[in-house]
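need coordinates for the below:
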Amino acid sequence: QVQLVESGGGSVQSGGSLRLSCAASGYSDRSYMAWFRQAPGKEREGVAAIDSHGITTYLDSVKRRFTISQDNDKNTLYLQMNSLKPEDSAMYYCAADMVNYFLLGRYNCWGQGTQVTVSS
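Numbers count the residues shown, from 1 in each chain. I've put the predicted structure just below:
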């Protein structure tokens, strides 16, 4: 059973940067992992996904601003977020599964989330 713990959220001004981390235990290097976000009153959406070969998928609105990466030695998933906008404000969750769901919310394992707030 994979357990995921996110960290790195916070409050920043528009144009700022944050780096989210997701520490995974019980992690298999065959796992597929992703970042999702959910703002109040909105549906959860997939932000970025990465497979075991390092191939990435991004939500159109975050392309060229966000970068997903993983450190298999540290069993940690990252999301580097640059040029943040107020509309990026949300609770961010990492997710993992043995099946590649890309940005679909069908992942089996989820973390508790970390809050990101971007002020204008």
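
now do the contacts for the residue nearest the centre of the chain.
Nearest to the centroid of the C-alpha atoms of the chain, with distances taken as C-alpha atoms, centre = their mean, sits Trp35, at 2.3 Å. Contacts for Trp35 (C-beta atoms under 8 Å, 6 or more residues apart in numbering) come out as 20, 22, 46-49, 68, 77, 79, 92-95. Placement of C-beta: from N, CA and C, glycine included.

turn those into CSV, including secondary structure and pLDDT.
Supplementary listing: the contacts of Trp35 in CSV, determined by DSSP: H, G, I helix; E, B strand; the rest coil; pLDDT from 0 to 100:
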residue, secondary structure, pLDDT
Leu20, strand, 98
Cys22, strand, 96
Gly46, strand, 98
Val47, strand, 98
Ala48, strand, 98
Ala49, strand, 98
Ile68, strand, 98
Leu77, strand, 95
Leu79, strand, 98
Tyr92, strand, 98
Tyr93, strand, 98
Cys94, strand, 96
Ala95, strand, 96
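
and which of those residues is nearest Gly113?
Closest approach to Gly113 among the contacts of Trp35 (C-beta to C-beta): Tyr93, at 4.7 Å.

quick one: the closest one and Cys109 touch, right?
No: between Tyr93 and Cys109 no contact is recorded; they are 10.4 Å apart, counting by C-beta atoms under 8 Å.

which one's more surrounded, these two?
In this view Tyr93 and Cys109 are compared by other C-beta atoms under 10 Å, and Tyr93 has more residues nearby, 23 against 18.

and that one, bridged to which residues?
Partner residues in beta bridges with Tyr93, using DSSP bridges, are Phe36.

on that earlier part again, could you dump the contacts of Trp35 to TSV with distance to Asp60?
Output for these, formatted as TSV (distance: C-beta to C-beta, whole Å):
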residue	distance to Asp60
Leu20	19
Cys22	22
Gly46	11
Val47	11
Ala48	11
Ala49	13
Ile68	15
Leu77	21
Leu79	16
Tyr92	17
Tyr93	19
Cys94	20
Ala95	19
